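Q: Got a predicted structure plus its sequence, pasted below:
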Amino acid sequence: MSEQTPPLSSAEIERYARHIILGEIGGPGQQKLKRARVLVIGAGGLGAPVLQYLAASGVGTLGIIDDDRVSLSNLQRQIIHSSDLVGSPKVESAARAIAAINPHVTVESHELRLSADNAADLVRRYDIIVDGSDNFDTRYLLADTCLAERRPLVSAALGRFDGSLTTLMPYADGADGAPNPTYRDLFPTPPPAGLVPACAEAGVLGVLPGVIGSLQAAEVVKLITGIGEPLIGRLLLYDALTSRFETIRYKAGKTNAAA
């Protein structure tokens, strides 16, 4: 994080007053948020609430990677976009929404697809990475790149009525001195092609990305400010049909039972 960030202005102090009065965050924590650079992969279902809440929280710089354009079928769940911007690049639509939420946030738009050729350069420009992608190739590429570049990764995935979330810092050791697990410790190999249907084929409950994406944003705020216990070595599972949360603990090379 850059150390050359100006102090909070009077307008920012008023805007973030409900953060600043939290003893766990306060002025120093809000300044950390202002200094932070966060990269969000995907401005779709998960990326929408992540970007909105991180912008509202005062994260100083948000990078967005997405090469898609807004379609009418996106609007049932991708609430950062609006009907009048159908056909626009998602990075442009998201940037406009962020500017309306918080003019103190700088947006860096990357209208491209993450690939093996550009992943490392993009990841190393930011402090924390958020995976809001919708395919396994990108998830594994991103996880491997964040490990190599020593960047925290907040990773999530959606089903039709369920979602999952974890935070990865496999380049560091846990409180017990053991190495933190990698994404491949949790999911050693991608599923066979065609086994998991895409959203366009299977459908997805419209509010579900809001639940999981908001939890991703909370993980990012915790990582930046140093409060609480991130989901390192824990996979959080949510079932919208039964309104149940479960947590599975996993370790390097070993997955344990539900906790």
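A: Thanks, I have the structure now.

Q: Where does Ile129 sit, in terms of helix or strand?
A: strand 128-131 (DSSP states H and E).

Q: what's the answer for Leu236, then?
A: Leu236 belongs to strand 234-239 when assigned by DSSP H and E.

Q: Okay, helices next: where are they in the protein?
A: When secondary structure is read from DSSP state H, the chain shows helices at 10-15, 17-20, 26-35, 47-57, 90-101, 119-123, 136-149, 183-186, 199-202, 208-225.

Q: list the buried ones in the fourth one?
A: When you say that, I think you mean helix 47-57. Neighbour counts using 16 or more other Cβ atoms under 10 Å place 47-55, 57 of helix 47-57 among the buried residues. The way it works is simple: take the backbone N, C-alpha and C, and place the C-beta from them, glycine included.

Q: Now do the buried residues in stretch 108-123.
A: Applying a neighbour-count criterion of 16+ other Cβ under 10 Å, one finds 108-110, 114, 119, 122-123 buried in stretch 108-123.

Q: ok so, going back, pick the most deeply packed of the helices of the chain.
A: Most buried of the helices of the chain by mean neighbour count (mean count of other Cβ atoms under 10 Å) is helix 47-57; its value is a mean of 24.

Q: what packs against that helix?
A: Helix 47-57 sits against strand 37-41, strand 61-65, helix 90-101, helix 208-225, with contacts defined as 3 or more Cβ pairs under 8 Å, 6 or more residues apart in numbering; DSSP states H and E.

Q: Make TSV from these and add mean pLDDT to it.
A: Formatted as TSV, the helices and strands packed on helix 47-57 follow (pLDDT from 0 to 100):
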stretch	mean pLDDT
strand 37-41	98
strand 61-65	98
helix 90-101	98
helix 208-225	98
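
Q: Quick one: closest of the ones you listed to Ser71.
A: For the helices and strands packed on helix 47-57, proximity to Ser71 was assessed by Cβ to Cβ; helix 90-101 is nearest, at 9.5 Å.

Q: what inclination does that closest one have with respect to strand 37-41?
A: Put simply, helix 90-101 runs at 140 degrees to strand 37-41, going by axes from the mean of the first three to the mean of the last three Cα atoms, to 10 degrees.

Q: Go ahead and produce PDB holding the CA coordinates of helix 90-101.
A: C-alpha atoms of helix 90-101 as PDB (Å, rounded to 0.1, in the frame of the first residue of the first chain):
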ATOM      1  CA  LYS A  90     -19.000  -3.600 -18.100                       C
ATOM      2  CA  VAL A  91     -15.800  -1.900 -16.900                       C
ATOM      3  CA  GLU A  92     -17.200   1.500 -18.100                       C
ATOM      4  CA  SER A  93     -20.600   0.900 -16.600                       C
ATOM      5  CA  ALA A  94     -19.100  -0.200 -13.300                       C
ATOM      6  CA  ALA A  95     -16.800   2.800 -13.200                       C
ATOM      7  CA  ARG A  96     -19.700   5.200 -13.700                       C
ATOM      8  CA  ALA A  97     -21.600   3.500 -10.900                       C
ATOM      9  CA  ILE A  98     -18.600   3.700  -8.600                       C
ATOM     10  CA  ALA A  99     -18.100   7.400  -9.300                       C
ATOM     11  CA  ALA A 100     -21.800   8.000  -8.400                       C
ATOM     12  CA  ILE A 101     -21.300   6.100  -5.100                       C
END
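
Q: Show me what it is in contact with.
A: 43-44, 47-48, 51-52, 55-56, 62, 64-66, 68-70, 78, 80-82, 85, 105, 107, 109-111 (Cβ atoms under 8 Å, 6 or more residues apart in numbering).

Q: What about Pro230, how many residues nearby?
A: Pro230 has 19 neighbours, counted by other Cβ atoms under 10 Å.

Q: so where's the protein uncertain?
A: Scanning the chain with the threshold set as pLDDT under 70 gives 1-3, 193-200, 254-259.

Q: go again using 90 as the cut-off
A: Filtered on pLDDT under 90, the chain yields the residue ranges 1-5, 134, 175-176, 189-202, 253-259.

Q: hmm, back to that, the helices and strands packed on helix 47-57 into CSV, with extra columns for distance to Tyr250?
A: Below are the helices and strands packed on helix 47-57 laid out as CSV (distance: least, Cβ to Cβ, whole Å):
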stretch, distance to Tyr250
strand 37-41, 22
strand 61-65, 27
helix 90-101, 32
helix 208-225, 16
